[in-house]
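S.K.: Generate coordinates for the sequence data below:
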Amino acid sequence: MSRRHPKALAAGIVLSVGLPFLPLVLWSLSERWFFPGLWPQQWGLRAWQHVLDAAGGQVASGLLQSTLLAAVTAAVSLVIGVPAGRALGLYAFGGKTLAAVLVTLPLIVPPLSVAMGLHLWFIRLGLAETFAGVVLVHLTVCLPYTVFVMWGVFANYDPDFEDQARCLGASEWAVAWGVTLPLVWPGIVVAGLFSFLLSWSQYLSTLIIGGGRVLTLPILLFALMGSGDRPVAAAVSLVFVAPAFLVLLVSARYLGRRGLMGVR
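M.R.: Okay, the predicted model is just below:
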């Protein structure tokens, strides 16, 4: 069906993904919208003017903070998760099962318990209400996914390619840069994407560890939702969704041309 009617399939996918966001768009463009009206009784750009003008500094600050926080968390998660995934995927060693269980534990324990437990230690270490502390608490959620994705990548990886490159005189750096990285790069993209989106959407852990001083878009959005100003909340929701949707779109387009284990 996809080969015969690609445009219809693409339109169906866009419709199914975009339709849930239609109420947000309508709310963000409304001045008055009361039940049982199907459409707003009065249209306007007050919500967007509020986002861009009155609260523009706060929204821009939250957007920048969320982007920086998610990017740093994804980078640190990859730095730790890629070698850990390689070790778990390629080698058999004592305690491997225990290591897998330990990596899984932060996903099994409720996030509230993890954040509350870490909060006390972070206060003692001076990490509470700091950017570094929020990055560390986000890693408890993002790092396990990165490790497991890279574990699956390296479980299907053939290290003989590296041995052949060494036999031809390649240095360790040349092997890592010219052989290993191109073969596992799609998996790194997926792992980085997971980490970025998970960190981007964190609310409770950011609020507990950040103490309200690390202002991100989810914290700002929850505050606006509680205020009852639905048009402004809808506008900020669209701002919050846009970067994540862009990351997904670019990554899906990139990975659509490649397999998980290199170009096919």
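S.K.: Could you list the low-pLDDT ranges of the protein?
M.R.: The chain contains residues with pLDDT under 70 at 1-6, 10, 13, 37, 54-56, 250, 252-264.
S.K.: Who are the contact partners of the residue lying closest to W200 once chain neighbours are set aside?
M.R.: Closest residue to W200 apart from its sequence neighbours, by C-beta to C-beta, 6 or more residues apart in numbering: A70 at 4.3 Å. Yep, even glycine has a C-beta here, placed from its N, CA and C like the rest. Each residue near A70 by C-beta atoms under 8 Å, 6 or more residues apart in numbering is listed here: S195, F196, L197, S199, W200.
S.K.: which residues in the chain form helices?
M.R.: In the chain, the helices defined using DSSP state H lie at 6-18, 22-28, 46-49, 56-90, 96-108, 111-125, 131-155, 160-167, 172-175, 181-200, 204-210, 217-227, 230-255.
S.K.: Show me what the fifth one is packed up against.
M.R.: Read that as helix 96-108. helix 56-90, helix 131-155 (3 or more C-beta pairs under 8 Å, 6 or more residues apart in numbering; DSSP states H and E).
S.K.: With the third one instead?
M.R.: If contacts are counted by 3+ C-beta pairs under 8 Å, 6+ apart, helix 46-49 sits against helix 22-28, helix 230-255.
S.K.: Tell me which of these sits nearest to A74.
M.R.: helix 230-255 (10.0 Å; C-beta to C-beta).
S.K.: Now the closest one: buried residues?
M.R.: Judged by neighbour count (16 or more other C-beta atoms under 10 Å), helix 230-255 contains these buried residues: 230-240, 243-244, 247, 251.
S.K.: Check which helices and strands it is in contact with.
M.R.: On a contact count with 3+ C-beta pairs under 8 Å, 6+ apart, helix 230-255 meets helix 22-28, helix 46-49, helix 56-90, helix 181-200, helix 217-227.
S.K.: Could you pull up the contacting residues of L143?
M.R.: L143 is in contact with S77, I80, G81, V103, P106, S195, counting by C-beta under 8 Å, 6+ apart.
S.K.: Name the nearest residue to the second one, sequence neighbours excluded.
M.R.: Which is I80. Per C-beta to C-beta, 6+ apart, closest to I80 is L143, 6.1 Å.
S.K.: any idea how far the one you found is from F21?
M.R.: L143 is 30 Å from F21, where distance means C-beta to C-beta, to the nearest Å.
S.K.: and what of K7?
M.R.: In terms of C-beta to C-beta, K7 sits 21 Å off from F21.
S.K.: These two - which one has more neighbours?
M.R.: F21 (14 against 7; other C-beta atoms under 10 Å).
S.K.: Would you agree the more buried one is in contact with V241?
M.R.: Yes. Taking contacts as C-beta atoms under 8 Å, F21 lies within contact range of V241: 7.0 Å.
S.K.: OK, contacts around the closest residue to L107 other than its chain neighbours?
M.R.: Once flanking residues are discounted, L107 sits nearest to P144: 5.3 Å by C-beta to C-beta, 6+ apart. Residues in contact with P144 (C-beta under 8 Å, 6+ apart) are V103, T104, P106, L107.
S.K.: measure the residue nearest to the second one when sequence neighbours are not counted to L207 for me?
M.R.: Distance criterion C-beta to C-beta, 6+ apart; nearest residue to T104, sequence neighbours excluded, is P144 at 6.3 Å. Distance, P144 to L207, by C-beta to C-beta: 21 Å.
S.K.: Same question for S201.
M.R.: For S201, the distance to L207 equals 13 Å [C-beta to C-beta].
S.K.: cool, P23 as well?
M.R.: As judged by C-beta to C-beta, P23 and L207 stand 26 Å apart.
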